[in-house]
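[1] build me a model:
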Amino acid sequence: MMVKNPRSHVFVSMADTCLRTGRAKMALEVLNKGLRLHPVLGAAHVQKGRALMALGRVTEAKQSLGYAMRGNGQNVLARKLLARLYLETGEPARGMELLDEIRRLWPDHEPAKKLYDELRGAIEKEMNDGSHGGELERPDDGRRDALDKLERWLGNANKMMVKG
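    Down below sits the predicted model:
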């Protein structure tokens, strides 16, 4: 699809599939290529943030997620991922600030409530003993299905390149 229509946004879905199959580096390559044509596509910046998180490149992940939020201040996924990063890097108060908007707009948003409670717990723990930590969350849901989907896409892309 990308070969036929390079202006397509399908690269975001391809990157998501790469991430779900544990191929963060490949996802980042796909996203960087797609972002050359679509530099302000918020969904691509969110996926790039996820890929960078999976690669342990926290500072760059924060930048990419921050960019996605600036483009759409109500981007719930970007806010939650960035809040998670702030929790993991010992900045839970900054993470809580990001979730305040979600809680204001969607007070019953259960994942945001859960993350907010984690952030609050981290702040309390930090106040008690100055500690923080934990590993970054790595996407691993549905790996087999996502891998099959990615392989089909790559196979189709190769067929199109041979025909073209």
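
[2] any idea how far Gln47 is from Asn75?
    12 Å (C-beta to C-beta, to the nearest Å). All C-beta atoms are positioned from the backbone trio N, CA, C, and that covers glycine.

[3] and these two? Which one has more around it.
    Neighbours of Asn75 and Gln47, each counted by other C-beta atoms under 10 Å, are more numerous for Gln47; the result is 28 against 21.

[4] from memory the more buried one sits against Leu31, does it?
    Yes - using C-beta atoms under 8 Å, Gln47 is in contact with Leu31, at 5.7 Å.

[5] what sits in contact with each of those two?
    Common contacts of Gln47 and Leu31 (C-beta atoms under 8 Å, 6 or more residues apart in numbering): Val12, Ala15.

[6] contacts only, for the residue nearest the centre of the chain.
    Central residue of the chain (C-alpha atoms, centre = their mean): Arg50, 2.8 Å from the mean position. By C-beta under 8 Å, 6+ apart, the residues touching Arg50 are Leu19, Ala27, Ala61, Leu81, Pro139.

[7] between those residues, which has the most around it?
    Ala27 leads the contacts of Arg50 on contacts (other C-beta under 10 Å) with 29 neighbours.

[8] which strand or helix spans it?
    helix 24-37 (DSSP states H and E).

[9] state the next helix or strand along the chain beyond that helix.
    Counting by DSSP H and E, the next helix or strand C-terminal to helix 24-37 is helix 42-54.

[10] confidence-wise, which helix or strand of the protein is lowest on average?
    helix 143-163 (a mean of 51; mean pLDDT, DSSP states H and E).

[11] got the domain boundaries for this protein?
    As given by automatic domain parsing, the domain ranges for the chain are 1-56+138-154, 73-135.
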